[in-house]
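Generate a structure from the sequence data that follows.
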Amino acid sequence: MNRLKELRQKRGYTQIKMQMLTGIDQSDYSKIESGKRYYTFEQCRRIALALDTSMDYLAGLTDEEKPYPRDGQG
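Sure, this is the predicted structure:
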């Protein structure tokens, strides 16, 4: 989950800010970030949206941090 922590810190977000953006409890988010807990598909989607990245990047399937174009964004 290093990518998750790196992105959060790069954006200047705290874990509390991530809780506000994703609706994932801070203690659960902390466990996800440290690798002590896996996230669900929906949690991954919320995190990717909050950090402006793709779920594939969070999963380590691509090294491209930039998110895919979404509807209405080109």
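
for stretch 61-68, the distance to its chain's centre please.
Counting by CA atoms, centre = their mean, to the nearest Å, stretch 61-68 is centred 12 Å from the centre of its parent chain.

List the buried residues of it.
When burial is assessed from 16 or more other CB atoms under 10 Å, stretch 61-68 yields the following buried residues: residue 67. Quick note: C-beta positions are derived from backbone N, CA and C, even for glycine.

Tell me the span between the first and last residue of it.
13 Å (CA to CA, to the nearest Å).

With stretch 7-27 instead?
Length of stretch 7-27, first residue to last, CA to CA: 18 Å.

Show me which residues of it are buried.
7, 8, 13, 15, 18, 19, 21, 22, 24.

where's the fourth one relative to residue 71, distance?
Distance, residue 15 to residue 71, using CB to CB, to the nearest Å: 29 Å.

that older thread, out of the buried residues of stretch 7-27, list just those in helices.
Residues of the buried residues of stretch 7-27 located in helices (DSSP state H): 7, 8, 15, 18, 19, 21, 22.

contacting residues for the residue nearest to the second one when sequence neighbours are not counted?
By that I understand residue 8. When the adjacent residues along the chain are set aside, residue 8 lies closest to residue 18, with 6.1 Å between them (CB to CB, 6 or more residues apart in numbering). Applying CB atoms under 8 Å, 6 or more residues apart in numbering to residue 18 gives the contacts 8, 24, 26, 29, 47, 50.

And for residue 33?
Residue 33 neighbours (CB under 8 Å, 6+ apart): 1, 4, 5, 8, 15.
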